[in-house]
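> Sequence below, structure please.
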Amino acid sequence: MPSVLHICTGMPMSGSRLAFEMAVAVLESAGIPQRRLDTVGRRKEANLLAALDPKRLDPALAEAAAGAAPIAIHSHASPGETVPQEVRAGRISAQIVARDPRDVALSLLDAAQTVGGQLNPEREPLASLGEALDLVRNRMENFAAWRQAVPDLLILNYEELVADPDVSLEKIAAHLGVLVDTQPILARHGRRFATLGRGIPQRWREEMSVAEANGIHEEFAEYIERWCLPAGLPGRA
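Numbers count the residues shown, from 1 in each chain. The predicted model follows:
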């Protein structure tokens, strides 16, 4: 039995929005319309939930269950206590994107320089690599929480999302239990995917000192080596 909601998550600037759009395209190609949920807010450009607490999640589940499902939603939030319960009930499935924290930190600094790029308007804009890494550390806890909350969590690699979108589409389709032809999806949405995946993979190699890059690798070595690196590429500078 398919889930009711398919949550697409990941830390900010990790490619989670790209992976969300891919999931939407896969589901629509499989004949499952991806409608905007009124409980999420139709004024938003996508089904985005800022938090996954019962107040927000329960109405979204009820609305999604009233029609064709699953409905993909995007969120950067922690799974909290409700998501694991709904996963066990078969009502929620999920995917998450892993991206090298060094690239995430650099992209967070870029975003902080743009209008509307500040992730939390109540805080001062990120001003240094250290401040960006503090945010990455906080979000890394979410990655661990999602792995614990969803036993069959689909973990997608940012490098692969950008370099081999057809492979990522196939993984998403298999995870959702649908059969699709990825080529028409790429023909229709490829330009959109390329726009969302414009973050440069492995940019840290050009923009960080050896000491900075290797220090961050040492802190996040298991995460980087297991989830973030293309096969055969060294994690240290």
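> With just CA atoms, put the longest strand along the chain into CSV.
Assignment by DSSP state E gives strand 92-98 as the longest strand of the chain. Provided in CSV are the C-alpha atoms of strand 92-98 (Å, rounded to 0.1, in the frame of the first residue of the first chain):
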residue,chain,number,x,y,z
ILE,A,92,4.6,8.4,5.4
SER,A,93,7.6,7.6,3.3
ALA,A,94,10.7,9.8,3.0
GLN,A,95,13.8,10.7,1.1
ILE,A,96,16.8,12.8,2.2
VAL,A,97,19.7,14.4,0.3
ALA,A,98,23.3,14.1,1.5
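> How about the following helix or strand past that strand, which residues are buried there?
Next along the chain after strand 92-98, taking DSSP states H and E as the criterion, comes helix 101-112. By neighbour count with 16 or more other Cβ atoms under 10 Å, helix 101-112 contains the buried residues 101-109, 111-112. C-betas here are computed from N, CA, C, even on glycine.
> what's the closest of these to Val162?
Of all those, Val162 sits closest to Asp103, with 10.9 Å by Cβ to Cβ.
> And the contacts of stretch 144-153?
For stretch 144-153, contacts defined as Cβ atoms under 8 Å, 6 or more residues apart in numbering pick out 9, 78-79, 83-84, 87, 92-96, 155, 175.
> same thing with stretch 132-143?
Residues outside stretch 132-143 that contact it (Cβ under 8 Å, 6+ apart): 9-12, 76-79, 96, 98, 101, 104-106, 108-109, 112, 119, 126, 216, 220, 223.
> Tell me how many other residues crowd Ala46.
By other Cβ atoms under 10 Å, 15 other residues sit near Ala46.
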